[in-house]
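Visitor: What would the 3D arrangement of this be:
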Amino acid sequence: MTYTAAGLLDIHERTHRSIQGVLDHVATLPEAELTRSAEGFSYPTLASQLHHVIGAERYWFGVLNADICLDDDEATHQTIDALRALRQEVANATAAFIRSRTDDELSTLRTITKWNGETAEVVPAHVLLRTQTHAYQHQGEIATMLRQFGHTCPAMLDFPLT
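Guide: Residues are numbered from 1 along each chain as shown. Modelled structure (predicted):
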């Protein structure tokens with residue numbers, strides 16, 4: 001199957017619009033809610049959930065560029081402004097990666113080296129699709145956390161159809 005850069009960019013933009021919507025919603029809450037812990041989550045705060053989603057995209061596109069970023073300190077991203085800046089930086093880097101590749105390059109199996117030195121065969125378009133579906137998985141967890149904290153969830157932030 002051949003994936004197009006235009007199609008992948010569309011998916012990426014829609015996902016980041018949703019992530020930005022979550023950030024905008026969380027920004028309306030008392031500041032302490034961003035770092036409040038919830039039981040039962042691998043990433044127990046709203047800040048850590050958001051950092052993980054954004055950081056996962058950063059990691060995987062770094063792997064595709066043979067530039068693995070492991071020194072991103074979650075503690076430096078505990079505010080809405082810091083998370084917004086990180087989201088924008090990562091979104092721009094991913095979009096630049098997609099724009100700099102041909103459709104064939106985006107659709108062709110290639111060897112990558114992960115953080116632990118292991119290699120794997122991946123299709124760059126599949127990496128994009130995985131990071132974007134991953135974002136929605138965590139948006140569901142964020143929605144659950146918000147409800148546990150007694151807050152509403154942002155409306156209409158699933159994959160936007162328009």
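Visitor: After the helix or strand bottoming out on mean pLDDT in the chain, which helix or strand is next? Please name it.
Guide: Ranked by mean pLDDT, DSSP states H and E, the weakest helix or strand in the chain is strand 110-113, scoring a mean of 92. Downstream of strand 110-113, the next assigned helix or strand under DSSP states H and E is strand 119-122.
Visitor: before we move on, back to that, tell me which residues in the least confident helix or strand of the chain are buried?
Guide: Judged by neighbour count (16 or more other C-beta atoms under 10 Å), strand 110-113 contains these buried residues: residue 112. Just so you know, the C-beta spots here come from the backbone N, C-alpha and C atoms, and that holds for glycine as well.
Visitor: got a list of contacts for stretch 100-108?
Guide: Stretch 100-108 is contacted by residues 1, 2, 3, 4, 5, 8, 98, 123, 124, 125, 128 when judged by C-beta atoms under 8 Å, 6 or more residues apart in numbering.
Visitor: packing partners for the least confident helix or strand of the chain?
Guide: helix 46-64, strand 119-122 (3 or more C-beta pairs under 8 Å, 6 or more residues apart in numbering; DSSP states H and E).
Visitor: try 7 Å
Guide: strand 119-122 (3 or more C-beta pairs under 7 Å, 6 or more residues apart in numbering; DSSP states H and E).
Visitor: starting at the chain centroid, how far to the strand it packs on?
Guide: In terms of C-alpha atoms, centre = their mean, to the nearest Å, the centre of strand 119-122 is set 21 Å apart from its chain centre.
Visitor: in its sheet, what does it sit against?
Guide: Applying DSSP bridges to the sheet, strand 119-122 is found paired with strand 110-113 (antiparallel).
Visitor: Next, the angle helix 46-64 makes with the helix of greatest length in the chain.
Guide: The residue-count maximum for a helix in the chain (DSSP state H) belongs to helix 124-148. Taking axes from the mean of the first three to the mean of the last three C-alpha atoms, to 10 degrees, one finds helix 124-148 and helix 46-64 inclined to each other by 180 degrees.
Visitor: can you list contacts of helix 124-148?
Guide: For helix 124-148, the external contacting residues (C-beta atoms under 7 Å, 6 or more residues apart in numbering) are 3, 8, 11-12, 15, 18-19, 22, 38, 41, 46, 49, 52-53, 56-57, 60, 64, 98, 101, 105-107, 110, 152-153, 157-159.
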